[in-house]
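J.: take a look and give me a structure for this.
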Amino acid sequence: MKGYGEILLGIVLAALGVAGIVHWYIPLLEVIKGVIGIIVLMVGAVFLMIGVSDVREKGEEEIEMGEVAESGTEEEEKSE
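T.: Here you go, the predicted structure:
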């Protein structure tokens, strides 16, 4: 019996949602137009953070590789 109540509630809420979209169509479009810029800005910020993180990791790897190469040559010099 609980499942039927959830289905009925879902149908009622979907119908109210469609009615709200039809009734407030023009203001809805204005909100969507306003939000597009904000969404693009946020996605751009996320990609910027990912790029900075990748560049930082690559720099750290290069530094570590240089340290390993230097310690390897020092060990070779000591063994000779």
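
J.: for the longest helix anywhere in the chain, what is the average pLDDT?
T.: As assigned by DSSP state H, the longest helix anywhere in the chain is helix 25-79. Taken as a whole, helix 25-79 has an average pLDDT of 85.

J.: and it, how far out from the chain's middle?
T.: Taking Cα atoms, centre = their mean, to the nearest Å, one finds the center of helix 25-79 at 13 Å from the center of the full chain.

J.: what is that helix packed up against?
T.: Packing contacts for helix 25-79, counted by 3 or more Cβ pairs under 8 Å, 6 or more residues apart in numbering; DSSP states H and E, involve no helix or strand. In short, each C-beta sits where N, CA and C put it, glycine included.

J.: so which residue is smack in the middle of the protein?
T.: In the chain, the centroid-proximal residue (Cα atoms, centre = their mean) is Val46; its distance is 5.7 Å.

J.: and it, how far is that from Arg56?
T.: Per Cβ to Cβ, to the nearest Å, Val46 is found 16 Å from Arg56.

J.: do Glu67 as well
T.: From Glu67 to Arg56 the distance is 17 Å (Cβ to Cβ).
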